[in-house]
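Engineer: what's the 3D shape of this:
(2 chains)
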2 protein chains.
Amino acid sequence: MSVDSYVLLTPGPTPVPPEVAARSAEPILHHRTHEFQEILTSLREELKKIFLTRGEVLIFSASGTGAMESAVVNLHSPGEEVLVYACGVFGRRWAEIAQAFGLSVRLVEEEWGHPCDPARLASELKKSPSVRAVYLTHTETSTGTLCDLKGLTRSVRESAPEALTVADAISGLGGQELRMEEWGLDGVVSASQKGLMNAPGLAFVALSERAWQRTAQARLGRFYWDYRRVRKFLAEQQTPFTPPVSLIVAQHEAVRMLLERGLENIWRENARMAVAVRSAVEKLGLSIFSRCPCDVLTAAVLPDSVDGQRLVRHLREKYRVSIAGGQAALKGKIIRIAHMGYIRRQDLERGIRALAEALSELGWRGSGDQALQVFRELYVG
Amino acid sequence: MSVDSYVLLTPGPTPVPPEVAARSAEPILHHRTHEFQEILTSLREELKKIFLTRGEVLIFSASGTGAMESAVVNLHSPGEEVLVYACGVFGRRWAEIAQAFGLSVRLVEEEWGHPCDPARLASELKKSPSVRAVYLTHTETSTGTLCDLKGLTRSVRESAPEALTVADAISGLGGQELRMEEWGLDGVVSASQKGLMNAPGLAFVALSERAWQRTAQARLGRFYWDYRRVRKFLAEQQTPFTPPVSLIVAQHEAVRMLLERGLENIWRENARMAVAVRSAVEKLGLSIFSRCPCDVLTAAVLPDSVDGQRLVRHLREKYRVSIAGGQAALKGKIIRIAHMGYIRRQDLERGIRALAEALSELGWRGSGDQALQVFRELYVG
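Structural biologist: Next up, the predicted model:
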């Protein structure tokens, strides 16, 4: 990275390690060669260690939303009832997708910033015992909130045992504890550009055996996303359509690096980064938006006097620090700072320093020195 | 490229120029920054010069098949009748997709190796005057055949004026004449990894105004592919979902290089390469499979005594030359050699030399020296 390159602290895309970027620029391999098949097969095996499942991990040329859509169209027939339990923009997306495909959607929501609650889910499911699936979010990126997927999945198993549990783990996978098989999840979708340290363009899906059985009954129209076709091709180490070979080769390197660090070590380190970032932004006089903050990003509430869109733009233009603002109803009111994947201590230090200066330039006084000091005390990387 | 890297002569993915690969490895930009928006906007404008349309070009994170599916789900309501006119594997794919989404598909086929015929299309349309769209292929990659899209589109306009004409130009766009607006096409889909000299992972779609109107009436379920949402976001230089930023930055460079060479110059050069390659493989004692060969790849029939799958493997393993074999009914019977995008004279020379040697090692005698000589005479690049 050149000196004047951005510090990318957005919750996706996140920075890509130079080793990973270099792999993506290697001469293109044809996808039906032995070399590529070996990489693909190895990547699929290693992704299982990230999803913590023994089941197949499918890889699509798509954004994370594509993987979400793929789950809906592979698991349902027209008119089926599903429950979406949302606490932010991305949770709601499940409902928008299911509605677009003619499912009957029961949308249960928590106030933004609050996590989804296993007890409430259990009681909601008693009112809708026939739902075919429950759609959840692991770390809700729009509010920086962690949902208790383990508890939520248990609620589904106990209160609606026939329903599948499917989670969007696009920003959380690889960054914060998620044990797909042990927790009993039936579907987990994710993408390449957050905790998995790659450029955007790959989407991932893992299913339980129960969910695989459902794909045989599901009658929604599908072709590009058809899991049955993908699995048939994977049995011969192939993909049905031309895969994004350069991104797959790069992902193989990124996953290798992650596993070398160790998944649980990464979870622990992200947790320490999260504590340090939260404390630092509090020292700047901001408050943490979420009641149950996740470890992969921090959403902080701005004072009324500071326009969040202006702050984000100012940080980018003057300090070359890219953070995210709020979405939908939170536009202009919060900022979001990622700490996952390849984001490192020095990136966050530069981000916190720039944030302190930018806030003071926009008329807000918080202590930048104290913020940096508390960050360093809490997170010695 | 290192000395022992592959010569990639497959009809997708094709080689990526080093300048383009280097751009893809640059530090990741956030997609909501001004820098990225400028690149995206410029790319969209330049793609119009490749599609030869004034209409919007939409960009998806997907393979080319995703773009095909997107056209079907955005242009139709359940049960509508469409006509698919196919002359190979990829033409048939239109029918498979349309069937998967519950359309009533009339599949008209030419024998493989023969092109689709405007006169036959006109007479077929007289039997099905109510079809809502006709799906075509520009250069059929499975057989190396060019279809006369200009004539075929005219047939649709004259015989079924209400029907849209939509073409798969995945392997042909940028490589062989295609004038979307002038010829009256309503939809053209393509992808990044063939004539457009980028890695796979981007899919493109352009629509006529008539087709845009159809998207408002179409009732098939869609979310990820929903053109209306994409256009709404593009109006603010945004994309609805995280775009594959590294591939888009690289595509911007590749399209710039193509336009610098000039679209018509590229068409002419590919035509010269095609003539030279066809003559060279004939000198090797093979015959050209297609009755109407396209300029972007050559499909050649192998003698009965040579197993095509073995030949392709042998070329790859011993000579590090990647060409494609036949698909479906043509498996083992033909080989396919691309000459488009960033494939250069020296790549084709190395390919022809290797092919001559590999054929002789598999017991077939053709004159490698004569083949190279005729190639050089016909194509001085």
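
Engineer: residue in the stretch 251-381 of chain A nearest to chain B?
Structural biologist: Going by C-beta to the nearest C-beta, chain B is nearest to residue A:322 of the stretch 251-381 of chain A, at 4.5 Å. C-beta here means a position set from N, CA and C on the backbone, and glycine is covered the same way.

Engineer: I'd like to know how many residues surround the nearest residue to that residue once chain neighbours are set aside.
Structural biologist: Closest residue in space to residue A:322, ignoring its immediate chain neighbours: residue B:30 at 4.5 Å, by C-beta to C-beta, 6 or more residues apart in numbering or on different chains. Neighbour count of residue B:30, defined by other C-beta atoms under 10 Å in any protein chain shown: 20.

Engineer: and what of residue A:97?
Structural biologist: Counted with other C-beta under 10 Å, residue A:97 comes out at 24.

Engineer: secondary structure element holding it?
Structural biologist: helix A:89-100 (DSSP states H and E).

Engineer: after that helix, next one along is what?
Structural biologist: Using DSSP H and E, the helix or strand that follows helix A:89-100 in sequence is strand A:104-109.

Engineer: run the chain-centre distance for that next one.
Structural biologist: Centre-to-centre, strand A:104-109 and its host chain are 21 Å apart (C-alpha atoms, centre = their mean, to the nearest Å).

Engineer: ok, and what's touching that strand?
Structural biologist: With contacts defined as C-beta atoms under 8 Å, 6 or more residues apart in numbering or on different chains, strand A:104-109 is touched by A:79-87, A:91-92, A:95, A:98-99, A:120-121, A:124, A:128, A:131.

Engineer: mind saving the C-alpha coords of it as PDB?
Structural biologist: Provided in PDB are the C-alpha atoms of strand A:104-109 (Å, rounded to 0.1, in the frame of the first residue of the first chain):
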ATOM      1  CA  SER A 104     -45.600 -15.700   3.100                       C
ATOM      2  CA  VAL A 105     -43.300 -13.700   5.400                       C
ATOM      3  CA  ARG A 106     -43.800 -13.100   9.100                       C
ATOM      4  CA  LEU A 107     -41.400 -10.400  10.000                       C
ATOM      5  CA  VAL A 108     -40.500 -10.000  13.700                       C
ATOM      6  CA  GLU A 109     -38.300  -7.100  14.600                       C
END
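
Engineer: what's the first helix or strand after that strand?
Structural biologist: Moving toward the C-terminus from strand A:104-109, the next helix or strand (DSSP H and E) is helix A:118-127.

Engineer: report the angle between the axes of that following helix and strand A:104-109?
Structural biologist: Angle of helix A:118-127 versus strand A:104-109, following axes from the mean of the first three to the mean of the last three C-alpha atoms, to 10 degrees, is 150 degrees.

Engineer: now check the helix or strand following helix A:118-127, is it near chain B?
Structural biologist: Downstream of helix A:118-127, the next assigned helix or strand under DSSP H and E is strand A:133-137. No. Applying C-beta under 8 Å from any C-beta of the partner chain, one finds strand A:133-137 out of contact with chain B, separated by at least 13.4 Å.

Engineer: and strand A:133-137, which strands flank it?
Structural biologist: Looking at strand A:133-137 with DSSP bridges, its partner strands are strand A:81-86 (parallel), strand A:164-168 (parallel).

Engineer: Serialize those to TSV and add fields for mean pLDDT and distance to residue A:358.
Structural biologist: TSV is the format used below for the strands paired with strand A:133-137 (pLDDT from 0 to 100; distance: least, C-beta to C-beta, whole Å):
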stretch	mean pLDDT	distance to residue A:358
strand A:81-86	98	32
strand A:164-168	98	31
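
Engineer: which one of these is the most hemmed in?
Structural biologist: Greatest average neighbour count among the strands paired with strand A:133-137 goes to strand A:164-168 (a mean of 27), per mean count of other C-beta atoms under 10 Å in any protein chain shown.

Engineer: what distance separates that one from the centre of its chain?
Structural biologist: With C-alpha atoms, centre = their mean, you get 13 Å for strand A:164-168.

Engineer: thinking again about what came up before, residues touching the residue nearest to residue A:322, list them.
Structural biologist: Residue B:30 is in contact with A:6, A:8, A:10, A:13, A:322, A:324, B:36, B:245, counting by C-beta under 8 Å, 6+ apart.
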